[in-house]
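Visitor: Sequence first, predicted coordinates after that:
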Amino acid sequence: MEDLLARGVEAMQQANYQEAIKIYASPAAAGCEPRVDLLLAAAHEGAGDTSGAEHVLQQGHARWPSNNSIAVSLARHYLALGQTAKAGQALLHFQPVSGTSSRELQMAVVVFLADHELVPARETAKVAYERDPSLQTLLLLANALQLEGRYKEVIALLQRKRALYSESAAFLVTLAESEFDEKIFDGALLDLTRAVAIEPKLYQAHYLRANTLMNSNDVDGAITEYQEAIELAPSQPRTYFQLALALRAKQDEAGEESALEQALAISPQYAMAHSELGRMLLNQNRVPEAVEQLKTAIEQNPRSEQAYYLLSRAYDRLGETEKSRATAKLLARVRSANHGHEQAKGVEESDRTTGLSP
């Protein structure tokens with residue numbers, strides 16, 4: 001078996017993937033060794049046959065559901081295809097053990113975060129950092145804690161490592177995000193200014209710096225930073241949305257509407273942008289247009305209190321009293337449901353950023 005594994009690896013090192021597939025095909029069919037399935041999947045992937053790789057990994061996962069290496073490989077495959085739920089399901093039996101590599105631990109954290117499995121993400125990130133205390137694992141742990149809303153813990157964790165990683169822009173942005181969430185705006189601005197000095201083209205730094213400036217009542221500075229962030233990453237709809245809010249503060253309706261339309265051109269399902277555009281149209285007495293935008297906002301986010309409130313007002317303006325009352329009743333139910341949960345903070349979709357995108 002060891003000789004067979006080595007021959008297949010040698011073939012792949014020479015980019016002879018079809019030869020590797022031939023070597024591994026029979027033992028994989030016999031189901032005699034998890035490493036054969038992993039290497040056969042890698043050979044298919046190297047040959048550009050992603051469906052073949054997926055089939056092999058699925059078979060291997062069915063045979064050895066508790067094999068971490070196969071589970072992580074299958075999860076990584078699904079995540080690359082944008083199939084987040086399947087990726088999370090592949091890690092259903094994942095448990096860090098002594099033989100689990102640092103790379104597998106980190107990939108598992110990324111999948112758990114993508115699937116909003118925050119507790120296993122945090123616990124796996126802790127193991128990854130304990131075994132390999134690097135900047136990458138430190139920021140993965142920080143991101144997991146941030147998504148649980150444990151900002152004070154993130155600040156304490158990262159402050160202890162500031163001297164070691166003070167020249168890392170990603171480290172400073174991650175720290176600044178939790179400082180921002182804890183309303184430590186002066187500290188966040190200092191860290192973000194340093195991050196931009198280290199890495200001037202870092203989108204996350206400019207975007208978060210703009211958010212921080214907005215909360216510090218520096219609207220002009222925020223607009224400049226949002227525009228810089230858009231230049232660096234023009235396909236990020238949240239930047240246009242936040243720019244729209246900044247332009248609203250400057251009473252620039254034309255600019256705000258343009259920014260919202262740009263956000264929706266990139267992401268037509270962006271509920272908050274539909275809701276804000278509906279508010280604008282309502283104020284401009286373009287009520288039928290406002291109704292359409294607000295209905296779309298509710299379709300995309302049925303928990304949006306603002307959208308229900310504005311839609312009720314819009315129906316009232318149109319003289320459609322029954323629809324207005326019905327929408328107001330729905331608003332009351334949504335508000336009760338939202339604030340009846342301990343995690344009411346998640347009512348609206350998030351426009352936060354993380355210093356490190358796993």
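Guide: Structure's in. What do you need? Residues are numbered from 1 along each chain as shown.
Visitor: Figure out the helix or strand that the closest residue to Pro96 other than its chain neighbours lives in.
Guide: Counting by C-beta to C-beta, 6 or more residues apart in numbering, Pro96 lies nearest to Val127, which is 4.5 Å off, once chain neighbours are set aside. Yep, even glycine has a C-beta here, placed from its N, CA and C like the rest. Assigned by DSSP states H and E, Val127 belongs to helix 118-131.
Visitor: now for the helix or strand just after that helix, which elements pack on it?
Guide: Secondary structure here is assigned by DSSP H and E; on that basis, the next helix or strand after helix 118-131 toward the C-terminus is helix 135-147. Secondary structure elements in contact with helix 135-147, counted by 3 or more C-beta pairs under 8 Å, 6 or more residues apart in numbering; DSSP states H and E, are helix 102-114, helix 118-131, helix 151-159, helix 169-181.
Visitor: following the last one, which helix or strand comes up?
Guide: Meaning helix 169-181. Helices and strands here follow DSSP H and E; after helix 169-181, the next one along the chain is helix 185-198.
Visitor: who's in contact with Leu330?
Guide: With contact taken as C-beta atoms under 8 Å, 6 or more residues apart in numbering, Leu330 is in contact with Tyr308.
Visitor: any idea how far it is from Ala15?
Guide: According to C-beta to C-beta, to the nearest Å, Leu330 and Ala15 sit 60 Å apart.
Visitor: What distance do you get for Glu167 to Leu208?
Guide: Using C-beta to C-beta, we find Glu167 at a distance of 18 Å from Leu208.
Visitor: okay, those two: which has more neighbours?
Guide: Leu208 (28 against 9; other C-beta atoms under 10 Å).
Visitor: secondary structure element for the more buried one?
Guide: Assignment of secondary structure by DSSP H and E places Leu208 within helix 203-215.
Visitor: Who are the packing partners of the helix or strand just after that helix?
Guide: Stepping forward along the backbone from helix 203-215, the first helix or strand reached (DSSP H and E) is helix 219-232. The criterion is 3+ C-beta pairs under 8 Å, 6+ apart, and the helices and strands that helix 219-232 contacts are helix 203-215, helix 237-249.
Visitor: Low-confidence regions, this structure specifically.
Guide: Within the chain, the set of residues satisfying pLDDT under 70 comprises 341-358.
Visitor: let's see 50
Guide: Across the chain, residues meeting the criterion (pLDDT under 50) sit at 342-358.
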